[in-house]
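Visitor: Predicted model follows, preceded by the sequence.
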Amino acid sequence: MRRLATVLGTLATAATMALALPGAASAATGTLFIAPNQTIENPSGCYNAQIFPLILRNETNEYALVYNGSNCTGQVITVVPPGGSTTQEFGQSVYIA
């Protein structure tokens, strides 16, 4: 009886994890433009600005988060929706899923 309870518990845990874990990550579809010369097709992850102010045009299907620290650290200072653009004096990096 104890063995059956252990097996059922293990199966229940596996089923719960399979349902709870997100699917595989995928890149945004479209192009992210970070001035002066960064053009990223189907971006995913963090991108550091090369100049200041950070000038961003988001032509993807995902929201872009602008951080005030490099490597997507610090605070999110603005969120740029799909099709949007921004100029951020203190923006140093951009994250997009």
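Guide: Cool, the structure landed. Numbering: from 1, shown residues only.

Visitor: all contacts plus neighbour counts: C-alpha atoms, from now on.
Guide: OK.

Visitor: and stretch 86-97, how far apart are its ends?
Guide: Using Cα to Cα, to the nearest Å, the end-to-end distance of stretch 86-97 comes out at 18 Å.

Visitor: likewise stretch 64-83?
Guide: 10 Å.

Visitor: likewise stretch 57-75?
Guide: Across stretch 57-75, first to last residue, Cα to Cα, it's 20 Å.

Visitor: now for the lengthiest strand in the chain, which elements pack on it?
Guide: Taking DSSP state E as the criterion, the chain has its longest strand at strand 54-60. Under the contact definition 3 or more Cα pairs under 8 Å, 6 or more residues apart in numbering; DSSP states H and E, strand 54-60 sits against strand 30-34, strand 85-88.

Visitor: List the contacts of the very next helix or strand once past the shortest one.
Guide: Just to be clear, that refers to strand 85-88. Once the chain leaves strand 85-88, the next helix or strand it forms, by DSSP states H and E, is strand 93-96. Here strand 93-96 makes contact (Cα atoms under 8 Å, 6 or more residues apart in numbering) with 28, 43-49, 62-72.

Visitor: re earlier: just give me how far the longest strand of the chain sits from the chain centre.
Guide: Offset of strand 54-60 from its chain centre (Cα atoms, centre = their mean, to the nearest Å): 14 Å.

Visitor: Taking strand 30-34 as reference, get the angle to that strand.
Guide: Here the directions of strand 54-60 and strand 30-34 differ by 180 degrees (axes from the mean of the first three to the mean of the last three Cα atoms, to 10 degrees).

Visitor: what does strand 54-60 contact?
Guide: 28-36, 42, 64, 80-92.

Visitor: circling back: among the contacts of strand 93-96, which ones are in strands?
Guide: Checked against DSSP E, these include these in strands: 45-48, 64-67.
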